[in-house]
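A.B. asks: Build me a structure from this.
(2 chains)
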Amino acid sequence: MSETDDDPDLLAGEYVLGCLDPEAAAAVVARAAREPALAAAIRAWERRLAPLAELLPEAAPPPELWQRIAAALPPPPGELALARFRRRLRLWQAGAAAALAVAAALAGILLWREPPSPVVTTTPRAIATLAPTNTGNGSPFVAVMDTSGEIAVASAAPPSVAPDRSLELWELPAGETRPRSLGVLPSRGAYRVRAPAAAPKTQLMISLEPRGGSPTGQPTGPVVYAGTLVAVE
Amino acid sequence: MTEMLTHDGAWPPVIGRVYLARYSRRRTEPRRGAVLVAARAAALTLAMSIADPDTAPRAPGYPPFDWAADDLAALIRRVAQGDQAAFRRIYDTKAPRLYAVALRITRQSALAADALQEAFLQLWQNAAQFDAARGAAEAWLLSLVRYRALDLARRSGRETLGAEIPEAEDEAPDPLAALLTSSEGEALKRCLETLAEDRRRLLLRAFVDGLSHQDLAEVTKQPLGTVKSWIRRGLQALKKCLEP
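C.D. replies: Okay, the predicted model is just below:
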């Protein structure tokens, strides 16, 4: 195999086939920019394999797709000048609005030298960082439990989840062995739930379940985020 | 999420002999593009005013068949002149097949629509770079869509939890019969049929499903090295058969 590893023709074939990993594909593209032979080989493979597209039955694209494409086309020259003027106008308007906002804020500070003491309706009692496990990815979730026993769970960058899956939140109080479901996370935004049994040292976990949550009442998919509540009082 | 998974997931598009610097082009091009479009429009108007058959009154006669209306290469040349009707015509005739291709690779209708949108914008912006002398307009357009779809699929595969590699579709008695609509397809079918069954399936799943070496090793339960060498031998045999 090693003597064919560098064969530009096979490399081109693999690139067009689509089976290279992103790094290898990028290397092929970079090399093709320097080597006309490789670029020609890529074109030749594109031509050879193109009939394979016929193997799939046609599928109607979403009806609004044409509108999206047409709207994204660069505007004809006449409209462009107008658009540029409008953009500049908007920029001025935005600038003016920002200046006004700053002025108002400064005025507010002057008038209100004494800041009112913050009104706190709930006090956090415990917090947890739910870090991605090795089957999870991306940024962690943060959970905050207040003194009323309500837990709020949120992530700055929630992961995208396959359409047929849901993320489900579980609690495992210290010393127990069976996690209890705290419900399915919404696809966006924070999630709040009453968790009377949760306390500092309770483990919180998020597992990947079939859409709508585990059918068995116990986690059925991998735990993708996990963490333990820590008291902050 | 996207900040964390930046360009490392890219599937860089190679288009014809032109390598698109996608990001830089997007940002810097519009103004220059507009000037070009304006210049082209002016040149066209001038050319038409010199010889404009439409201005002369004409009795109804015998309309010529407009073969170029369905010739993709001719349509792409018109798109290069800024002809929106030609662009629309390409979309109307080609989008259903291209969408099917993108949908199969990305497995999500939103991603497939994104792939098609990006590819058609590339078509609009880079039609002038299509070299009709080299032919293969269909392959050129298909490649625009496939590279975008592969790129989006590889990126989302890293981000989407629980996404699984789909099983192969049930095979029809003659899965390659659909290739018989063109002479190129017919030759490709004949040559694919000279390959051993499992290698042929490997090539098809890579091209049609957009599976990577790694994915293929997983679905066939073969070591990665074996899959790689099967693919290479399959490609070699295919080329030899198509161009003896």
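A.B. asks: And residue B:75, what's its pLDDT?
C.D. replies: With respect to pLDDT, residue B:75 scores 91.
A.B. asks: Would you map the strands across chain A?
C.D. replies: A:124-132, A:141-146, A:150-155, A:165-172, A:180-184, A:191-194, A:203-210, A:223-228, A:230-231 (DSSP state E).
A.B. asks: Run through chain B and note the low-pLDDT ranges.
C.D. replies: B:1-60, B:65-69, B:132-135, B:158-173 (pLDDT under 70).
A.B. asks: hmm, I was thinking of chain A
C.D. replies: In chain A (pLDDT under 70), the answer is A:1-5, A:75-86, A:88-89, A:109-122.
A.B. asks: how many neighbours does the residue nearest to residue A:19 when sequence neighbours are not counted have?
C.D. replies: Excluding the flanking residues, the one nearest residue A:19 by C-beta to C-beta, 6 or more residues apart in numbering or on different chains is residue B:206, at 4.3 Å. C-beta here means a position set from N, CA and C on the backbone, and glycine is covered the same way. Other residues lying near residue B:206 total 26 when counted by other C-beta atoms under 10 Å in any protein chain shown.
A.B. asks: How about the contacts made by residue B:206?
C.D. replies: Listed by C-beta atoms under 8 Å, 6 or more residues apart in numbering or on different chains, the contact set of residue B:206 reads A:17-19, B:212, B:216, B:231.
A.B. asks: go with 7 Å
C.D. replies: Taking C-beta atoms under 7 Å, 6 or more residues apart in numbering or on different chains, we find residue B:206 in contact with A:17-19, B:216, B:231.
A.B. asks: Also residue A:72?
C.D. replies: With C-beta under 7 Å, 6+ apart, residue A:72 has these contacts: B:117, B:121.
A.B. asks: measure it to residue A:134 for me?
C.D. replies: To residue A:134, residue A:72 is 39 Å away according to C-beta to C-beta, to the nearest Å.
A.B. asks: Check residue A:38 too.
C.D. replies: 38 Å.
A.B. asks: Same question for residue B:75.
C.D. replies: Taking C-beta to C-beta, one finds residue B:75 at 50 Å from residue A:134.
A.B. asks: Of these two, which one has the most company?
C.D. replies: When neighbours are counted by other C-beta under 10 Å, residue B:75 and residue A:134 differ, and residue B:75 comes out ahead with 25 against 7.
A.B. asks: Give me the nearest residue to the more buried one, chain neighbours excluded.
C.D. replies: residue B:86 (4.6 Å).
A.B. asks: what's the one you found in contact with, if anything?
C.D. replies: B:75, B:78-79.
A.B. asks: How about residue B:106?
C.D. replies: Taking C-beta under 7 Å, 6+ apart as the test, what residue B:106 contacts is B:112, B:115, B:149, B:152-153.
A.B. asks: Show only the entries of the residues you listed found in helices.
C.D. replies: B:112, B:115, B:149, B:152-153 (DSSP state H).
A.B. asks: now do the same end-to-end measure for stretch B:202-215.
C.D. replies: 11 Å (C-alpha to C-alpha, to the nearest Å).
A.B. asks: Give me the buried positions along it.
C.D. replies: B:202-213, B:215 (16 or more other C-beta atoms under 10 Å in any protein chain shown).
A.B. asks: Same check on stretch B:174-189?
C.D. replies: Under 16+ other C-beta under 10 Å, the buried positions of stretch B:174-189 are B:175-176, B:178-179, B:184-185, B:187-189.
A.B. asks: got the CA coordinates for that stretch in CSV?
C.D. replies: Below are the C-alpha coordinates for stretch B:174-189, written out as CSV (Å, rounded to 0.1, in the frame of the first residue of the first chain):
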residue,chain,number,x,y,z
ASP,B,174,-30.1,-4.5,-10.1
PRO,B,175,-29.0,-1.5,-8.0
LEU,B,176,-27.1,0.0,-10.8
ALA,B,177,-29.9,-0.1,-13.3
ALA,B,178,-30.5,3.7,-12.9
LEU,B,179,-27.1,4.3,-14.5
LEU,B,180,-28.3,3.2,-17.9
THR,B,181,-29.7,6.6,-18.9
SER,B,182,-26.4,7.8,-20.3
SER,B,183,-23.5,6.3,-22.1
GLU,B,184,-21.1,7.4,-19.4
GLY,B,185,-23.3,5.8,-16.8
GLU,B,186,-23.6,2.7,-18.8
ALA,B,187,-19.8,2.4,-19.0
LEU,B,188,-19.5,3.1,-15.3
LYS,B,189,-22.1,0.4,-14.5
